[in-house]
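Enquirer: Got a predicted model here, sequence first, then my questions.
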Amino acid sequence: MSQKESKILIVDSDEGVLASITRLLKGMFSHVKACSNPSQIPFLLEKTAYDVVLLDMSCSERKNVGLHGFYWLSYIKSVSQKTAVVMMTDNNEVDIAIQAFKNGAVDLIIKPWKVDKLQSVIGDAYRATQLVKNESLKAKSFFSSIANKRFDQKIIGQSQSLKKIVHTIHLAAPTDANILILGENGTGKGVIAREIHRYSHRNTAPFISVDLGAIPDSLFEAELFGYQKGAFTGAAQNRIGRIQEADGGTLFLDEIGNLPTHFQAKILNVIELREITPIGSNQAVPVNIRIVAATNLSKNLLFDQANFRQDLLYRINTVEIALPPLRERPEDIPLIIDHYLKTYTKKYHRPTLTISSETIQALQSFSWPGNIRELQHSIERAVILSESSQLSINDFPLLTENNMTSTLDTLNLNDIEKHTIEVALRKYTGNITHAARELGLSRAALYRRLDKYAL
Ligand SMILES: Nc1ncnc2c1ncn2[C@@H]1O[C@H](COP(=O)(O)OP(=O)(O)OP(=O)(O)O)[C@@H](O)[C@H]1O
């Protein structure tokens, strides 16, 4: 591999990992930078154009906060499309790999790594970036195609409840009313928010989505309000924040229910004053935005002022859309299956794959705690792993296991704990951070139990 001006950034909170990978890659790259605090990533990327970033999935400046790597992966891809990001994880899960690729990672390394494997993956990633430089048009579409497809999703389903929701969207979208979307994880709140934007008169302006649950506290203000050059160490140039990026368009505040109270006050201020002040500036900038917000909090929790500022709530819920969980609209399931079967057989080159009607019925009777996202992932996994020309019940392990729809016929605490963990993992389609949060455990404590129960 040519060493001429090749640059790699390695991000991992574990200094030991950093030291050993740095040693391994020093011979391959002319510039190797190790970083143990991911909040420095914005400043490092501003200073240097890295060809490759090797990023740990759970890197965070805080302990046990889970898969923050996904946040940083999106960040890196948003500021530097040409940088190839390779993710590292100590978790050998298909879902994590699929999610990493969907978010734009070019490869994934499972810890503990084999030296030759690590070097060949990084070498390939570097060569891909050179391809981008040489054949920029072709390669650009290679890097951006997966990401763009995510935003094309149409609302699929014909149940009465979904029809009502689509009708509400058509009425409310063209007004500038703020809209609050309520629904369990994976019910399609993001898809609805994009549909609202598409039907609004702002649809030629940006739709900016901010996952409030994923932004580290230390970056909240910089990310949302932007900053001025010199505002803090490392602020090498002015940067506009996400709110200003949405000027003229729609700002989608996802997971608003997870926002700490002091940040809720800042968002309320923006909505009331319709202006923001970047960090380091004393000049307020007017912003013309329409707010669409979403949360998976139940109405009871949301309307409890101990959890959420009620003055903010009444600002964002002019129109409320409550998305029903998938189990309450099983008539939509065959359409969704058909859609994702077509999508994934095409993607994975298995055009002749069908699904038996018995399997469709079984999928309709399942409770889908992770909703459409879980159904979608199950179909994707089945398409990848099935060896026959027709998908059957056996291609969907959750249909054959004694799963969460059944009541546990035991009082053994270990069995109950294992079962509860399985339910949480399914609900969040393997997302350790979300599952741990719902179980009231730290990520580390959940990992210990996964080992204990061999899950
Ligand atoms: N009506 C639908 N038809 C087909 N696919 C859908 C539909 N609604 C959502 N999806 C797909 O389901 C997945 C989850 O959707 P989305 O991210 O919008 O859910 P969400 O409620 O915002 O989830 P979360 O609360 O976890 O952020 C996405 O891949 C999306 O494309």
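Expert: Happy to help now that I have it.

Enquirer: how about Ile196, secondary structure?
Expert: Of the three states, Ile196 takes helix under DSSP: H, G, I helix; E, B strand; the rest coil.

Enquirer: Neighbours of the nearest residue to it once chain neighbours are set aside, how many?
Expert: Nearest residue to Ile196, sequence neighbours excluded (C-beta to C-beta, 6 or more residues apart in numbering): Ala173, at 4.7 Å. Backbone N, C-alpha and C define where each C-beta goes, glycine included. Using other C-beta atoms under 10 Å, Ala173 has 23 neighbouring residues.

Enquirer: Would you agree Ala173 is in contact with Ala193?
Expert: No: using C-beta atoms under 8 Å, Ala173 is not in contact with Ala193; the gap is 10.4 Å.

Enquirer: what sits against the residue nearest to Ile196?
Expert: Glu195, Ile196, His197, Arg198, Tyr199, Ser200 (C-beta atoms under 8 Å, 6 or more residues apart in numbering).

Enquirer: ditto for Phe225
Expert: Gly241, Ile243, Gln244, Ile276, Thr277, Pro278, Ile279.

Enquirer: Not counting sequence-adjacent ones, nearest residue to it?
Expert: Per C-beta to C-beta, 6+ apart, closest to Phe225 is Gly241, 4.4 Å.

Enquirer: measure the one you found to Ile289 for me?
Expert: According to C-beta to C-beta, to the nearest Å, Gly241 stands 12 Å off from Ile289.

Enquirer: And Asp116, by the same measure?
Expert: 50 Å.

Enquirer: and what of Glu5?
Expert: Distance, Glu5 to Ile289, using C-beta to C-beta: 41 Å.

Enquirer: Comparing those two, which residue is more hemmed in?
Expert: Between Glu5 and Ile289, counted using other C-beta under 10 Å, the more crowded position is Ile289 (24 against 10).

Enquirer: His58 is in what secondary structure piece?
Expert: Rather than His, residue 58 is Ser. Under DSSP states H and E, no helix or strand contains Ser58.

Enquirer: Now secondary structure too, for the contacts of Phe225, in TSV please.
Expert: Shown next, in TSV, are the contacts of Phe225 (three-state DSSP):
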residue	secondary structure
Gly241	coil
Ile243	helix
Gln244	helix
Ile276	strand
Thr277	coil
Pro278	coil
Ile279	strand
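
Enquirer: got the CA positions of the lengthiest helix in the chain in PDB?
Expert: For the chain, the longest helix by residue count, based on DSSP state H, is helix 115-134. Backbone C-alpha positions of helix 115-134 (Å, rounded to 0.1, in the frame of the first residue of the first chain) are rendered in PDB as follows:
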ATOM      1  CA  VAL A 115      -3.600  -8.900  12.800                       C
ATOM      2  CA  ASP A 116      -3.600  -9.900   9.100                       C
ATOM      3  CA  LYS A 117      -7.400  -9.400   9.000                       C
ATOM      4  CA  LEU A 118      -7.200  -6.000  10.500                       C
ATOM      5  CA  GLN A 119      -4.500  -4.900   8.100                       C
ATOM      6  CA  SER A 120      -6.300  -6.300   5.000                       C
ATOM      7  CA  VAL A 121      -9.600  -4.600   6.000                       C
ATOM      8  CA  ILE A 122      -7.900  -1.300   6.600                       C
ATOM      9  CA  GLY A 123      -5.900  -1.700   3.400                       C
ATOM     10  CA  ASP A 124      -9.100  -2.300   1.400                       C
ATOM     11  CA  ALA A 125     -10.800   0.700   3.000                       C
ATOM     12  CA  TYR A 126      -7.900   2.900   2.100                       C
ATOM     13  CA  ARG A 127      -7.900   1.600  -1.500                       C
ATOM     14  CA  ALA A 128     -11.700   2.400  -1.700                       C
ATOM     15  CA  THR A 129     -11.000   6.000  -0.800                       C
ATOM     16  CA  GLN A 130      -8.400   6.200  -3.600                       C
ATOM     17  CA  LEU A 131     -11.100   4.900  -5.900                       C
ATOM     18  CA  VAL A 132     -13.300   7.800  -4.800                       C
ATOM     19  CA  LYS A 133     -10.500  10.300  -5.600                       C
ATOM     20  CA  ASN A 134      -9.900   8.700  -9.000                       C
END
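
Enquirer: How far off centre is that helix?
Expert: 25 Å (C-alpha atoms, centre = their mean, to the nearest Å).

Enquirer: go on, stretch 270-289?
Expert: 27 Å.

Enquirer: Which residue, other than its chain neighbours, is closest to Gln390?
Expert: Thr354 (4.9 Å).

Enquirer: what about the one you found, how many neighbours?
Expert: The burial count for Thr354: 12, using other C-beta under 10 Å.
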